[in-house]
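Chemist: generate a structure from the sequence data that follows.
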Amino acid sequence: MASLPYADVDSSLRSLAGRAEGFGRLSVGGLNGPVYRVTTLSDDGPGSLREGCRRKEPLWIVFEVSGVIHLSSYLSVSSYKTIDGRGQRIKLTGKGLRLKECEHIIICNLEFEGGRGHDVDGIQIKPNARHIWIDRCSLRDYDDGLIDITRQSTDITISRCYFTQHDKTMLIGADPSHIGDRCIRVTIHHCFFDGTRQRHPRVRFGKVHLYNNYTRNWGIYAVCASVESQIYSQCNIYEARQKKKTFEYYTEKTRMCRTIIIQ
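Modeler: I've put the predicted structure just below:
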């Protein structure tokens with residue numbers, strides 16, 4: 001019997017690199033760098049996650065501890081980093097990750113919960129970030145978005161993630177005037193949107209491939225295509241407990257909203 005294409009990624013530490021599907025498939029993370037070991041749950045200092053993320057050289061970041069890391073400010077991730085939470089349980093709270101003008105980032109098996117403050121997202125990808133893979137993460141309860149992808153950030157895959165207890169889940173494309181976001185390309189697959197209210201995702205300008213996702217019990221709508229966006233939805237499951245909008249989209253000429261409702 002043939003094995004699943006994803007079945008061997010946990011067979012060795014670096015087998016994860018290069019195994020993303022879709023638009024983020026070229027991301028290698030910290031494949032070509034040494035292993036950096038997080039040995040403390042402190043927000044900063046020697047052995048901290050923040051210390052590893054700020055270093056300029058490629059790093060494969062692993063954890064020798066489990067627990068909660070309370071971030072007092074956004075944690076900026078520099079290029080060619082893998083943040084690999086496999087084997088431990090690491091929860092980030094307070095703020096989130098910021099992927100700004102960086103490339104080749106892999107984020108795997110982290111929890112994000114309880115981010116507070118104006119414009120605080122679980123994972124904020126902007127501007128000009130590319131070759132990003134977010135895999136097997138759990139995200140909930142942030143004051144803004146759980147994952148936002150804007151300002152010419154592109155070639156991104158989000159896979160096997162769990163989203164719950166949240167309103168504005170995922171925004172792709174900054175605003176109706178930011179035509180630079182026409183370059184955005186995102187793949188979202190095998191994700192579970194569980195009772196989140198809207199934006200699964202909401203898309204402006206970019207190209208998004210959705211497949212094998214499960215969305216249930218949303219509040220306003222499941223997916224919104226807006227302002228020149230292109231969404232290819234394939235083999236997804238949408239389960240509403242009552243009559244609700246599944247897809248919402250806007251015609252390019254009139255900007256009028258059209259909806260598809262399922263019972």
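Chemist: next, count neighbours for Tyr232.
Modeler: Number of residues near Tyr232 (other CB atoms under 10 Å) recorded here: 10. C-beta here means a position set from N, CA and C on the backbone, and glycine is covered the same way.
Chemist: that one sits in which helix or strand?
Modeler: Using DSSP states H and E, Tyr232 sits in strand 230-234.
Chemist: mean confidence for that strand?
Modeler: Throughout strand 230-234, pLDDT has a mean value of 94.
Chemist: over to stretch 187-207?
Modeler: Stretch 187-207 shows a mean pLDDT of 96.
Chemist: tell me where this structure has helices.
Modeler: Counting by DSSP state H, the segments of the chain that form helices are 49-54.
Chemist: surely Cys137 meets Asn109?
Modeler: Yes - using CB atoms under 8 Å, Cys137 makes contact with Asn109 at a distance of 6.8 Å.
Chemist: those two: which is more packed in?
Modeler: The residue with more neighbours, out of Cys137 and Asn109, is Cys137; 26 against 20, by other CB under 10 Å.
Chemist: who's in contact with that one?
Modeler: Cys137 sits next to Ile107, Cys108, Asn109, Leu110, Glu111, Phe112, Ile123, Cys161, Tyr162 when contact means CB atoms under 8 Å, 6 or more residues apart in numbering.
Chemist: pLDDT at the nearest residue to the second one once chain neighbours are set aside, what is it?
Modeler: Leaving aside its sequence neighbours, Cys108 sits nearest to Asp135 (CB to CB, 6 or more residues apart in numbering; 4.7 Å). According to the predicted model, the pLDDT of Asp135 comes to 98.
Chemist: what's the distance between stretch 201-209 and the middle of its chain?
Modeler: 13 Å (CA atoms, centre = their mean, to the nearest Å).
Chemist: ok, residues contacting that stretch?
Modeler: Contact partners of stretch 201-209, identified using CB under 8 Å, 6+ apart, comprise 22-23, 149, 154, 168-176, 178-179, 181-189, 223-232, 234.
Chemist: just stretch 179-192 next, same as before
Modeler: By CB under 8 Å, 6+ apart, the list of residues contacting stretch 179-192 reads 21-24, 149-163, 170, 172-174, 201, 204-215, 228.
Chemist: figure out how far it is from the centre of its chain.
Modeler: How far stretch 179-192 lies from its chain's middle: 10 Å, per CA atoms, centre = their mean.
Chemist: related to what we said a few turns ago, buried ones among the contacts of Cys137?
Modeler: Among the contacts of Cys137, those classed as buried by 16 or more other CB atoms under 10 Å are Ile107, Cys108, Asn109, Leu110, Glu111, Phe112, Ile123, Cys161.
Chemist: can I get the contacts of Cys137 in CSV including pLDDT and distance to Ile90?
Modeler: Formatted as CSV, the contacts of Cys137 follow (pLDDT from 0 to 100; distance: CB to CB, whole Å):
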residue, pLDDT, distance to Ile90
Ile107, 98, 11
Cys108, 98, 10
Asn109, 98, 8
Leu110, 98, 5
Glu111, 98, 7
Phe112, 98, 10
Ile123, 98, 14
Cys161, 98, 15
Tyr162, 98, 15
